[in-house]
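J.: Build me a structure from this.
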Amino acid sequence: MAAGSEYAARKFGPWDIRGSEVFAQTALSFAFVNLKPVVPGHVLVSPMRVVQRFADLSAEEMADMWQLAQKVGTSAEMHFKAESLTFAIQDGPYAGQTVPHVHIHVLPRRAGDFKKNDEVYDAIDEGEKDMSKAAAGEPLDLDKDR
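T.: Have a look, this model is predicted:
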């Protein structure tokens, strides 16, 4: 995984992802920083092709995306001195998906990072709601929770 400056800009649903935000890619997938991370090292992996639902991925795209998520997760777990990983997909609006582009959340996890382990999913949902507001034209305040 090389420096982000080596990568071209990509689409993530309706948004443009700058090449500097991409830190790994394959022929079919790319990994990029999350604007609303819920834990240190929380990143996203998505197919190059803008595909709204998981079932619409080709077998090659699905396998490639998960292989990249595995590599990214392994690196993030070591880099952030985590003890575990959470991989999550929200597939469709009733599952909490707000960006119409399949993506895997990769989260390095540590003991006690959430009071109850499953609270991580609520935190992901909150971040996704902010993206939904941004899609509706509301400004995205990246500093409000920092």
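
J.: contacts and neighbour counts: CA atoms only from here.
T.: Will do.

J.: if you take the average position of this protein, which residue is closest to it?
T.: Closest residue to the average C-alpha location of the chain: residue 44 at 1.9 Å, with CA atoms, centre = their mean.

J.: what about it, which helix or strand?
T.: strand 43-47 (DSSP states H and E).

J.: who touches the very next helix or strand once past that strand?
T.: Next along the chain after strand 43-47, taking DSSP H and E as the criterion, comes helix 59-79. Residues outside helix 59-79 that contact it (CA atoms under 8 Å, 6 or more residues apart in numbering) are 24-26, 28-31, 41, 45-47, 82-85, 104, 106-109.

J.: And these, which of them are buried?
T.: Among the contacts of helix 59-79, those classed as buried by 16 or more other CA atoms under 10 Å are 24-25, 28-31, 41, 45-47, 82, 85, 104, 106-109.

J.: Mark which of these are part of strands, please.
T.: 24-25, 29-31, 45-47, 85, 104, 106-109 (DSSP state E).

J.: for the residue nearest to the centre of the chain, which residues make a bridge with it?
T.: residue 32, residue 105 (DSSP bridges).

J.: OK, contacts around it?
T.: 31-34, 103-106.

J.: So which of the residues you listed sits lowest on pLDDT?
T.: Model confidence across the contacts of residue 44 bottoms out at residue 34, which has 93.

J.: how deep is that one tucked in, by neighbour count?
T.: 16 (other CA atoms under 10 Å).
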